[in-house]
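1. Sequence and predicted structure are below.
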Amino acid sequence: MEIILEIIMIPAVLATIKILVIILMFAMPLGTVLTLMERKWSAMIQDRVGPNRANIGKFTGHGALHLAADGLKSIFKEDTMPKGADGFLYLIAPFFGLIAGVATFAIIPLAGPIGDFTFQVTDIEPGLLFIFAITSLSVYGAVLAGSSSNSKFALLGGTRAAAQMISYEVFMGLALMGIFMVYGTTRVSGIVDGQNEYWFGNLIPMWGVFTQPLGFLLFFTALVAETKRAPFDAPEGESEIVAGYFLEYSGMRWSAFMLAEYVALVGVASLITTLFFGGYHIPWLHLWESAPQWLVTIMQVIKFSIFTLFFCWFQIQLRWTVPKFRFDQTMSLGWKKLLPLSLVNVIVTAFVILAFA
Amino acid sequence: MFIGGSMKLKVKKVQRIDGVRESFYFPAIFSGLRLTVKHFWRNLFGSKDVVTINYPEEKRHVSERWRGRHRLTRRDDGFLSCVACYMCETICPSKCIHIESGEHPDLSVEKYPVVFNIDELRCVFCGLCVEACPKDAIRMDTGIISMAYTSRETFDFTRDLLRDNYDPKAHANPKYGDYDLPSPSSQEEALPNSQGVPAT
Ligand code: SF4
Ligand code: SF4
């Protein structure tokens, strides 16, 4: 028993276990379920019933079996490659997005630390800078898929994805600058703990969304554009360029693109929760001083999950509400409106901090 | 009269809403979200607004005037009303009715159809046959709006299948779970108690 505990407490082993738990029990299942949920929820938004036909005998589980049906189908589907495609790049491209999406969870804390044990894979000093580095990696998935497919639609989609993601990357960083200034750190645990303080006695928690409302909107917009979902889905552009960069893919590789999209969606939701909605901290919980540690931890995980789920839902709702931007509109919105706005946000934040410090 | 150059092109000016409010998108996005979220919550608990008809289980109400599959009506004594006058075959624009007449034992009736086939695959459901019939012998009010079978021959409906005592439920094809019809070659077995037409 002791030996097992000792092995588990070796940092590398511990980190591996955390990675497996967070990815296999949180990110992936949630992403997979969301593929179905998006279809169900969009049906509700549009007054339809959604998928409900997959069944085992009489049991349909209100469409839940479609998950299994989809999975089975894509496993047994032929993995096609177009003539003239760049073989190696074509085969590995789908996994860039997936890896980038999953890597986001490396720095997200699910609950507060108990002693030395943190509910976070790693709490590195660069923190969010790591996130920027990783999310920009996911553009490779789209670009490589687009350019290696030997298809003009895919190439167009890949080019669009590259242009859009690089331009939104710019002010995604600038939008977070305000957060760094307010909480004085790029370390995620520092930012989360900074949000556990209060204004006016115990009245308003210093959540990012209250300290940086404009920053929140800008960052959220940038993240939605990064995941290439509506209203910024010009790279997919099913009405003009069929399916954009993943047009030629089929079977499991296509599913990898889909899964990457939904894992990124969960990643966005948990990032927003962590940076702008207090992370795992439950406001005013410190007033209950005798709370047992285990209960607090469970409540923190639940609070974090609820907020994450809410933002997953919100992104889906947004996708089924807002029409797609034309590609030039996407670009001019990014460079001409959101970039100056985020600069203004940085400057105003700086002055406010100077005035009150 | 043509008035040379004095005619002016009509130009319609589309009212575009510009300005700060519009160019920041947020008011429009929020009013859109209000609508979609309203529908979402209403349908999350009890599917209140859902308009879907779950087709094979539920069927849309069919108006009495809907032109569905044909049927051949019968007289009070059970004989077919059709007198094999070929009116419907003549008017049919898609030439899908095939009639062969026979002599009826009742001299006041004179003729009756020995063969009366309608190829429902060629039929365009125009309803002209119904209007042409002098005896009100053919109608399209069965309410059968979808015919889906696995062979072309099945669509060639014969007299006995078109006759209105045909009960589709009694001949349901258990394999497909729909009201599939027996193939015409086995009509004798499918309808052992043929009545309403005299023996030929
Ligand atoms: S409905 Fe029209 S096409 Fe069909 S059998 Fe009658 S006349 Fe012919
Ligand atoms: S169905 Fe009517 S129109 Fe056609 S042959 Fe019989 S009586 Fe004449």
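-> On my side now, so go ahead. Ligands and ions are numbered 1, 2, ... in the order given.

2. Which parts of the chain are helices?
-> With no chain named, the answer covers chain A. Per DSSP state H, chain A carries helices over the ranges A:2-9, A:11-22, A:28-45, A:65-76, A:87-103, A:128-148, A:152-183, A:188-194, A:208-211, A:213-226, A:251-276, A:293-319, A:327-332, A:339-356.

3. my bad, the chain I had in mind was chain B
-> According to DSSP H, the helices that chain B contains are B:20-23, B:26-44, B:87-91, B:128-132, B:159-162, B:187-190.

4. and B:Arg34, what pLDDT?
-> B:Arg34 carries a pLDDT value of 90.

5. Identify whichever of the helices of chain B lies nearest to A:Met81.
-> Among these, the nearest to A:Met81 by C-beta to C-beta is helix B:26-44 (39.1 Å). Where you see a C-beta, it was placed from the backbone N, CA and C, and this is true even at glycine.

6. that older thread, got a markdown table for the helices of chain B, with distance to chain A too?
-> Converted to a markdown table, those look like this (distance: least, C-beta to the nearest C-beta, whole Å):
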| stretch | distance to chain A |
| --- | --- |
| helix B:20-23 | 7 |
| helix B:26-44 | 4 |
| helix B:87-91 | 41 |
| helix B:128-132 | 37 |
| helix B:159-162 | 31 |
| helix B:187-190 | 30 |
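
7. and among those helices, the most buried is which?
-> Highest mean neighbour count of the helices of chain B: helix B:159-162, a mean of 22 (counted as mean count of other C-beta atoms under 10 Å in any protein chain shown).

8. Mind giving me the packing neighbours of it?
-> Under the contact criterion of 3 or more C-beta pairs under 8 Å, 6 or more residues apart in numbering or on different chains; DSSP states H and E, helix B:159-162 touches strand B:71-72, strand B:111-119.

9. can I get the ones you listed in a markdown table with mean pLDDT, distance to ligand 2 and mean neighbour count?
-> Listed next are those as a markdown table, based on pLDDT from 0 to 100; distance: least, C-beta to the nearest ligand atom, whole Å; neighbours: other C-beta atoms under 10 Å in any protein chain shown:
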| stretch | mean pLDDT | distance to ligand 2 | mean neighbour count |
| --- | --- | --- | --- |
| strand B:71-72 | 84 | 7 | 23 |
| strand B:111-119 | 86 | 6 | 20 |
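
10. how about those strands, which one is nearest ligand 1?
-> Each of these has some distance to ligand 1 by C-beta to the nearest ligand atom; the shortest is strand B:111-119, at 5.5 Å.

11. that older thread, what's the closest of the helices of chain A to chain B?
-> The minimum distance between chain B and the helices of chain A falls on helix A:28-45, with 3.9 Å, by C-beta to the nearest C-beta.

12. Would you pull up how far stretch A:62-70 lies from the middle of the chain?
-> Mean-position distance between stretch A:62-70 and its chain equals 24 Å (C-alpha atoms, centre = their mean, to the nearest Å).

13. Okay, buried residues for it please.
-> A:63, A:65-67, A:70 (16 or more other C-beta atoms under 10 Å in any protein chain shown).

14. if we can go back for a sec, closest to A:Ala93 out of the helices of chain B?
-> helix B:26-44 (32.6 Å).

15. tell me the angle of that closest one relative to helix A:213-226?
-> 70 degrees (axes from the mean of the first three to the mean of the last three C-alpha atoms, to 10 degrees).
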